[in-house]
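> quick one: sequence and predicted model below, then my questions.
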Amino acid sequence: MKKLILFLLLLLPAAMADAQVKFGYLSYSEAIKAMPGYADMQKSLAELKRQYANETKRSEEEFNQKYEAFLEGQKDFAPSILKKRQYELQELLNNSVSFKKEAARLLEQAEADMYAPLKKRLNEILRQVGRERGYAFILNTDNDAVPYIDTTSGEDISSLVRNMFTYLEK
């Protein structure tokens with residue numbers, strides 16, 4: 001009896017090694033792009049970028065006009081006026097640089113805020129697919145993170161996820 005139990009214990013690791021782990025894989029970024037609401041989010045983001053770009057351009061044009069006026073009249077300005085105009089130009093330049101930095105930060109934050117609900121929904125769908133299919137995990141193939149996937153163990157779930165978007169949208 002002891003020999004039988006020992007024999008079975010020795011076979012157990014070999015039997016467990018034969019059990020394959022099932023997993024799914026997809027491109028997360030492509031899945032996000034296929035989601036309902038992605039196009040609207042991109043339009044909103046593009047509009048926001050356009051508004052910031054227009055304001056930046058307006059600010060630069062204002063600076064250029066004042067700088068040209070300064071260059072044309074600097075010979076005729078009294079020293080105190082010259083100093084005042086230089087200070088004004090420096091302030092405009094500083095404000096312009098500050099605005100560009102703040103606009104970049106705000107755009108980055110707006111993009112993250114706009115992506116958050118899409119990512120949350122996609123993660124919920126991936127969790128559901130993983131449970132239903134019995135996957136141990138789902139790999140994100142973006143950025144060449146996974147150069148090789150054995151398709152006998154893994155399943156490309158890209159089309160399945162896209163179909164779920166269509167089904168859930170109805």
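Everything's here; your move.
> which residues in the protein form strands?
Taking DSSP state E as the test, the strands found in the chain are 23-26, 137-140, 154-156.
> counting neighbours, what do you get for the residue nearest to Arg133 when sequence neighbours are not counted?
Counting by CB to CB, 6 or more residues apart in numbering, Arg133 lies nearest to Gly24, which is 6.4 Å off, once chain neighbours are set aside. (C-beta placed from N, C-alpha, C; glycine too.) Other residues near Gly24 number 21, with proximity taken as other CB atoms under 10 Å.
> what's the mean pLDDT across the longest helix seen in the chain?
When the chain is parsed with DSSP state H, its longest helix is helix 79-133. Computed over helix 79-133, the mean pLDDT rounds to 95.
> tell me what that helix is packed against?
strand 23-26, helix 28-34, helix 38-73, strand 137-140, helix 158-169 (3 or more CB pairs under 8 Å, 6 or more residues apart in numbering; DSSP states H and E).
> okay, the strands of the chain, which one's buried deepest?
Mean neighbours per residue, mean count of other CB atoms under 10 Å, is largest over these for strand 23-26, with a mean of 21.
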